[in-house]
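Q: give me the fold of what follows.
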Amino acid sequence: MRVLVVEDEPRMAALLKRGLEEEGYAVDVAATGPDGLWHACEFGYDAALLDVMLPGISGIELCQQLRQQRRWVPVLMLTARDAISDRVAGLDVGADDYLVKPFSFDELSARVRALIRRGAVERPTELSAADLRLDPATRRAWRGDAELELSTKEFALLRLFLTHPGQVLSRTRILEHVWDYAYDGTSNVVDQYVLYLRRKIDRPFQLRQLETVRGAGYRLREQPVRERGLERSGGRP
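A: Numbering: from 1, shown residues only. Modelled structure (predicted):
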């Protein structure tokens, strides 16, 4: 197993390298953000340990660039900053785990083993289907270059559909995930919000991507269909 350590403090880098090598890993060390990015893109690693405060680019920016380049190596962020906002920032750009200094090497080793068991699974920070995109971290969504203004429920509904593109979702399943199992209402609220969402993601662009599957529920197509005259007709929920 090969591990990348990106740490600019020489003593910490040496301790991590020695400890991981004693655990049986092959370890490469980079001292700057750009050097770490080059290593991560050039070589195959089973895990990467990134310090947050790095010369050149930060560990958070490094992780973000890796994910944007569709590099899915499991990432453990290391930092002396323990504020919740710092942890959230790292996780939101695609990091898999977060460890605050000082830490026990036994804990670090266990976290590395867990990351390697998980493997380099694709985990994009944005959800998308064709040119419809959603960023859960910033709570923003776009159709192409046009940003969409969505309510909280519309955003949650779109997120559910983008998590399952091409799949038929029943009204009951939508209720359970976007509202909750204790919601005291009928499935008509699903029809209403699907209509609201369609008016924002499809109709202004003369597209049909969110479709009704009669007797089953709703499906977000992986590719939209061009609908001429959709705005004039008003469409159907």
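Q: low-scoring stretches of this structure, by residue?
A: Within the chain, the stretches with pLDDT under 70 are 122-124, 180-187, 228-237.
Q: show me where it has helices.
A: For the chain, the helices defined by DSSP state H cover 10-22, 33-42, 59-68, 84-92, 105-118, 152-163, 171-178, 188-201, 230-233.
Q: how about residues contacting the first one?
A: If you take CB atoms under 8 Å, 6 or more residues apart in numbering as the criterion, helix 10-22 is touched by 3, 5, 7, 27, 29, 31, 49, 51, 101, 105, 108-109, 112. Using the backbone N, CA and C atoms, a C-beta is placed for each residue, glycine as well.
Q: burial check on the nearest residue to residue 37 once chain neighbours are set aside, number of neighbours?
A: Computed as CB to CB, 6 or more residues apart in numbering, the closest residue to residue 37 that is not its neighbour in sequence is residue 62, at 5.4 Å. Neighbourhood size, residue 62 [other CB atoms under 10 Å]: 28.
Q: same check on residue 79?
A: Residue 79 has 20 neighbours, counted by other CB under 10 Å.
Q: for residue 165, what are its contacts?
A: By CB under 8 Å, 6+ apart, the neighbours of residue 165 are 129, 220-222.
Q: tell me the most packed of those residues, by neighbour count.
A: The contacts of residue 165, ranked by neighbours (other CB under 10 Å): first place residue 220, 25 neighbours.
Q: so who does the closest residue to that one other than its chain neighbours touch?
A: Spatial nearest neighbour of residue 220, excluding adjacent residues (CB to CB, 6+ apart): residue 161 at 3.8 Å. Contacts of residue 161 were listed using CB under 8 Å, 6+ apart, and they are 129, 169, 210, 218, 220.
Q: return the member of those nearest to residue 37.
A: Closest to residue 37 out of the contacts of residue 161 is residue 129 (28.7 Å), distances taken as CB to CB.
Q: distance check, the residue nearest the centre of the chain against residue 1.
A: Centroid check for the chain by CA atoms, centre = their mean gives residue 125 as the closest residue, at 2.3 Å. Separation of residue 125 from residue 1 (CB to CB, to the nearest Å): 25 Å.
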